[in-house]
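In: Below is the structure, and that's it, no one-letter string:
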């Protein structure tokens, strides 16, 4: 069915009027389309990355090379998604959004907004994954490698930053209960 804006209403999961190019820290989650476990497996609470999982880790590390205003913090590649903290340089790694002035460009910086950073990461990993399918017999994927969107959370203070780092570090140990685990989908 062709897209009809009168029928199909896509609700944005982004914070209304927030400047996602503003300096600060962001917790992001990007999921594989259809929750396909393409990046390895969790064994006894430890993530064992496949070649494809290690490829995602390598591109995550290259984010800072591609965008000098970007720093990467804690991350984990899971069987079918990854979590990471992206810090847009020039501010304290914890921000409280200035929603009143977001429309006026306050807090902006010279680098790309978060969505372009994630788009670049998805593009590079998709291209590398396709090469892996062709050259190394990685499992193929139908349609897209990544889901259309991604999740993000603005990290507002040091306490939240610490909690998110702990969540990321502990994610493999909680895989059996993870909502992204295909075994937990009804």
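Out: Happy to help now that I have it. All figures in this text were calculated on a predicted structure; none of them were measured in a lab.
In: How far off centre is the strand or helix carrying residue 125?
Out: Following DSSP states H and E, one finds residue 125 within helix 114-136. With Cα atoms, centre = their mean, to the nearest Å as the basis, helix 114-136 stands 13 Å off its chain's centre.
In: same check, this time on stretch 52-62
Out: Worked out by Cα atoms, centre = their mean, stretch 52-62 lies 12 Å from the chain centre.
In: which residues touch that stretch?
Out: 38-40, 47, 49, 72, 75, 77, 79, 82, 84, 121, 124-125, 128-129, 132, 138 (Cβ atoms under 8 Å, 6 or more residues apart in numbering). Using the backbone N, CA and C atoms, a C-beta is placed for each residue, glycine as well.
In: Go again with 7 Å.
Out: Identification of contacts with stretch 52-62 by Cβ atoms under 7 Å, 6 or more residues apart in numbering yields 38-40, 49, 72, 75, 77, 82, 84, 121, 124-125, 128-129, 132, 138.
In: buried residues in it?
Out: Going by neighbour count (16 or more other Cβ atoms under 10 Å), the buried part of stretch 52-62 is 52, 53, 55, 56, 57, 59, 60.
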